[in-house]
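Visitor: predicted model follows, preceded by the sequence.
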Amino acid sequence: MIRGLLVLDENLASSIALRYAGQLSAYMPIQFKAAHVEDPSNSKRTVGTGWVQRTWEKGIEDAGIQTVQRLIKTEKVGCQFLGAPQVFIGNRDDELLEALSQGNYDLFVEGNLNTSNVNDFYNLINAKLYSKSKRLMLIVKNLVNPGKIVLICGDGVDPDILVPQFVKFIKETSFISIDLLFYKFQESDSPVLLAKTEGGSAFSKIEEMLQENDIKIHDNKVVCGTPEQTANLFRGYGLAFTTFPTRKSVRLELLANIPTPIILCR
Amino acid sequence: MKILFAVDNQPYSASSVSEVAKIAANTWADVTLLTVQPGKSEPEREKVATLREYKKTFLKHISEDGFPYAMPSGTEEFTQTEDGWLGKQSNRNGSKSLTIKIRRGNALKEITQEALSQESDLIIIAGSPDDCQWQGEILNLPQRVAEGASCSVLVIKETRFAKTLIGCLDQSQISQESLEMINQLVTYHQADLKIIGLTGPKGLSGKGDVEGKMGDILSYYNARNIKAWITLVENTNLEEYISKASKEGIIAVWMGKKSIFRKLFSENLVEKLISSSQSSVLILR
């Protein structure tokens, strides 16, 4: 059973993430812990008012729980929750990193609406939470049926990281199909399908490793184009899986433009 | 719903009839096919023939199940009216009207006047594929109709099926008719829908309001099994984004009275968008 930490706020991104989590549950054995973070002001506590601080924090916690419960009740999703929602008070990244570690979660899930600005995605995955976490990080950009997965490889993707992480994730799941896509940059009017040999040794290695682990690939292809054009091809998929880009690159731009939810691993 | 389909006798108008027929039938709209001729004492034969032909083509594209329009019996004659000539239907059994009409005068003025007098909800006008013009008419006629009309305008630029419809949302009130028009276009083209929301320099402007509307729109289309994708665009980059997106598919822009797009867009953006877009453009009001 996969344990997921699902972070919720009262906004559209969280609504989408929650609904997506419900749909994901249809394809894999997964339980979610709903969580919410409140970042209090940095004002110093005056001596002798400790009980006020604690009451205030308790009030925030209760309000946070109500926020999450309200969202869950509204969306009526069909996923299993691990107990009551948990509210953390403090710095968002620090609290969630601690929670991921303490709670022994396999997957972190949050909603983050797709934007046209590549820097938004770059800043997100380079924030402390994403850069320090050892867990699989699922960024839910849009609400789409997760049935069809695409494994993204290309320059900068280490097969020895990607494949073991993917094999571990895909075990006991019942996704409809798994495709393998190798991305190469090329300025062109529209994306072009290349021969599989264009993927080079890394592509072949990934195919072999997946075969050795009895992972059946429905379709494998090498695609080249600009990140914006190629990203449109991903609308046929419900979930993308790849490694964290380590620097600004065309692959990062591709991931920024993809409208599909993405799992990043390291 | 009332649709005014402004036509001439060129291939771009002829090839748009099927799309208009499908939209009209699915929305149960009253439809007027309108053409314009210079002021004369009689309707031009060519105009009359064109309208009769388009009406025949229109009816061919509609399924006979629940047929809302009257099948004409015999040749439709024209009777004179104050502003032109109106096709007279001999068979009135349809629940919705499909009227053919000729107006006299300047094309831009007559199309907009007809839309006003009929209280049309949607004007549909096609243009030449490359530069969206009407042959033999004033420069940028479809663009100027789209700019000046008080109702929604669909400018059809190509008849191939679009893969995507990009809908640009703003904070103004979005009508049920607008959502339905998008629905019909997406269904006809079997396209995906991309919903664009605006962000300001300090975060999402009118955040709760826009997010709420985006959420409602997403739910509306998901309930109709239409795949809808959300993308946020900074308002400072909007014009550039829409220019790029116009090469991707049909653009639909909400341009209500208080629309933020009116403030954000440079002058004549609607005209520029329609001229440069490779696909159709839907201006929603």
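Guide: Here it is on my side, so go on. Numbers count the residues shown, from 1 in each chain, chains lettered A, B, ... in the order given.
Visitor: tell me if I am right that B:L33 is in a strand.
Guide: Yes. According to DSSP: H, G, I helix; E, B strand; the rest coil, B:L33 belongs to a strand.
Visitor: show the average pLDDT along stretch B:174-189.
Guide: Mean per-residue pLDDT for stretch B:174-189: 85.
Visitor: does it reach chain A?
Guide: No. Shown here: stretch B:174-189 not in contact with chain A (CB under 8 Å from any CB of the partner chain), separated by at least 13.4 Å. Glycine gets a C-beta too; all of them are placed from N, C-alpha and C.
Visitor: which parts of that stretch are buried?
Guide: For stretch B:174-189, burial by neighbour count (16 or more other CB atoms under 10 Å in any protein chain shown) applies to B:174, B:177-186, B:188-189.
Visitor: nearest to B:T50, of those?
Guide: B:Y188 (23.3 Å; CB to CB).
Visitor: quick one, phi psi at the closest residue in space to that closest one that isn't next to it in sequence?
Guide: Leaving aside its sequence neighbours, B:Y188 sits nearest to B:K22 (CB to CB, 6 or more residues apart in numbering or on different chains; 5.2 Å). Main-chain torsions, B:K22, degrees, to the nearest 10: phi -60, psi -40.
Visitor: keep only those of the buried residues of stretch B:174-189 that are in helices.
Guide: Counting by DSSP state H, the part of the buried residues of stretch B:174-189 found in helices is B:177-186, B:188-189.
Visitor: adding distance to B:L98, write those residues out as CSV.
Guide: Formatted as CSV, these follow (distance: CB to CB, whole Å):
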residue, distance to B:L98
B:E177, 19
B:S178, 23
B:L179, 25
B:E180, 20
B:M181, 19
B:I182, 23
B:N183, 22
B:Q184, 17
B:L185, 20
B:V186, 24
B:Y188, 18
B:H189, 23
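Visitor: state whether B:G167 is indeed within a strand.
Guide: Yes. Assignment of B:G167 by three-state DSSP places it within a strand.
Visitor: helix, strand, or coil at the most centrally placed residue in chain B?
Guide: Note on chain B: the residue nearest the mean C-alpha position is B:L154, at 2.0 Å, using CA atoms, centre = their mean. Following three-state DSSP, B:L154 is assigned to strand.
Visitor: that one and B:L116, how far apart?
Guide: 17 Å (CB to CB, to the nearest Å).
Visitor: domain-wise, how is the chain divided?
Guide: In the absence of a named chain, chain A is used. By the assignment in automatic domain parsing, chain A contains the domains A:1-143, A:144-266.
Visitor: that was the other one, I meant chain B.
Guide: By the assignment in automatic domain parsing, chain B contains the domains B:2-156, B:164-284.
Visitor: quick one: closest of these to A:M137.
Guide: Closest among those, using CB to CB: domain B:164-284, at 19.8 Å.
Visitor: and that closest one, how far from the chain's centre?
Guide: Distance, stretch centre to chain centre, for domain B:164-284: 15 Å (CA atoms, centre = their mean, to the nearest Å).
Visitor: what about residue 2, neighbour count?
Guide: Picking chain A for this. As a burial measure, A:I2 scores 19 neighbours (other CB atoms under 10 Å in any protein chain shown).
Visitor: think we crossed wires, I meant chain B
Guide: 19.
Visitor: got the residues of chain B near chain A?
Guide: Going by CB under 8 Å from any CB, the residues of chain B near chain A are B:164, B:192, B:194, B:197, B:199, B:211-212, B:214-215, B:218, B:222, B:227-234, B:237, B:241, B:244, B:248.
Visitor: next step: the residues you listed restricted to strands.
Guide: B:164, B:192, B:194, B:197, B:199, B:228-234 (DSSP state E).
Visitor: from these, which shows the smallest pLDDT?
Guide: Ranked by pLDDT, those bottom out at B:T199 (75).
Visitor: beta partners for it?
Guide: Taking DSSP bridges as the rule, B:T199 bridges to B:E234.
Visitor: I figured it hits B:E234, correct?
Guide: Yes. Counting by CB atoms under 8 Å, B:T199 does reach B:E234; the two are 5.2 Å apart.
Visitor: between these two, which contacts overlap?
Guide: A:T115 (CB atoms under 8 Å, 6 or more residues apart in numbering or on different chains).
Visitor: circling back: now tabulate the domains of chain A in TSV and tack on distance to B:S120.
Guide: Formatted as TSV, the domains of chain A follow (distance: least, CB to CB, whole Å):
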stretch	distance to B:S120
domain A:1-143	34
domain A:144-266	34
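Visitor: hey, least reliable of those domains by pLDDT?
Guide: The bottom spot among the domains of chain A, by mean pLDDT, belongs to domain A:1-143, with a mean of 87.
Visitor: can you tell which of the domains of chain A is closest to B:S276?
Guide: Nearest to B:S276, of the domains of chain A and by CB to CB, is domain A:144-266 at 15.8 Å.
Visitor: how far does that closest one sit from its chain's centre?
Guide: The answer for domain A:144-266 is 14 Å, by CA atoms, centre = their mean.
Visitor: gap between the residue lying closest to A:I170 once chain neighbours are set aside and A:L162?
Guide: Distance criterion CB to CB, 6+ apart; nearest residue to A:I170, sequence neighbours excluded, is A:I215 at 6.4 Å. Taken as CB to CB, the spacing of A:I215 relative to A:L162 amounts to 12 Å.
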